[in-house]
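In: just need the structure, nothing else, for what follows:
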Amino acid sequence: MQPVISVHQLNHYFGEGELRKQALFDINLDIYPGEIVIMTGPSGSGKTTLLTLMGGLRSAQEGNLKILGQEMNGASKKAMRQVRQQIGYIFQAHNLLTFLTAKQNVRMSLELHERFLDQNMDEIATDILKTVGLGNRVDYYTDNLSGGQKQRVAIARALVSHPKIVLADEPTAALDKKSGRDVVEMMQKLAKEQGCTILLVTHDNRILDIADRIVYMEDGRLAANSDAVALVE
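Out: Coordinates of the predicted model:
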């Protein structure tokens, strides 16, 4: 089975000249179709930097980074955009547009894909909001939703286009225990139904058990035995 994300000897730097600082060191990681992988480790260890590289939100500098068969080091803007269209993103801060309703926020994701333009996007957006338990909130503006409800909208937006990969950065950080658990179980259920791969960055030890595999990052390096880390009891 070919990995959907394949990282080999990846290094990354910030700044120029004397201010140049290395953020990632010799990262090696393969993630396979349908896997749920959790990346954990201290703040400032490089987790979000690696996640943004895997999502095509930054350009790879050194080493090899292959996403869905596309080498990202040296990739054209067009190639990077085509990769991003196959990825769903879930961020800690929701990144929802407050002047749009829940349905409109989700619909925006569909509008980025030509294959949905001749379909009933309002109906598709409404259906997935029902799936995440927000059938009675589709026409609510996001300011009128709770934190857990906003994160469910963000999950619906990320998954509505049936991406091949979902990248989630601290999706439970702003949520209480029950809301956080509900959110990751919703992600797990929808992703398994759609057959997509999830890479989730978190400090939340309460959700580690949803993972097929846990990888640990510290000081810009993945732990040598990350691929073999057992699930925490």
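
In: following the helix or strand bottoming out on mean pLDDT in the chain, which helix or strand comes up?
Out: Within the chain, confidence by mean pLDDT, DSSP states H and E is lowest for helix 177-194 among all helices and strands, at a mean of 80. Heading C-terminal from helix 177-194, the first helix or strand you meet, by DSSP states H and E, is strand 197-201.

In: next helix or strand past that next one?
Out: Helices and strands here follow DSSP H and E; after strand 197-201, the next one along the chain is strand 213-218.

In: which stretches of the chain have low pLDDT?
Out: In the prediction, the chain carries residues with pLDDT under 70 at positions 93, 224-233.

In: and the strands in it, which stretches?
Out: In the chain, the strands defined using DSSP state E lie at 5-14, 21-31, 36-40, 62-67, 70-71, 87-90, 165-169, 197-201, 213-218, 221-222.

In: one step back: now do the least confident helix or strand of the chain against strand 165-169, angle only.
Out: In terms of direction (axes from the mean of the first three to the mean of the last three CA atoms, to 10 degrees), helix 177-194 departs from strand 165-169 by 170 degrees.

In: which outside residues touch helix 177-194?
Out: Residues outside helix 177-194 that contact it (CB atoms under 8 Å, 6 or more residues apart in numbering): 34, 36, 90, 131-133, 146-148, 151-152, 155, 159, 162, 166, 168, 171-172, 175, 197-198, 200, 204, 206-207, 210. Using the backbone N, CA and C atoms, a C-beta is placed for each residue, glycine as well.

In: next one: stretch 106-126
Out: With CB under 8 Å, 6+ apart, stretch 106-126 has contacts from 85, 88, 97, 100, 103-104, 128-129, 135, 138, 153, 156-158, 160-161.
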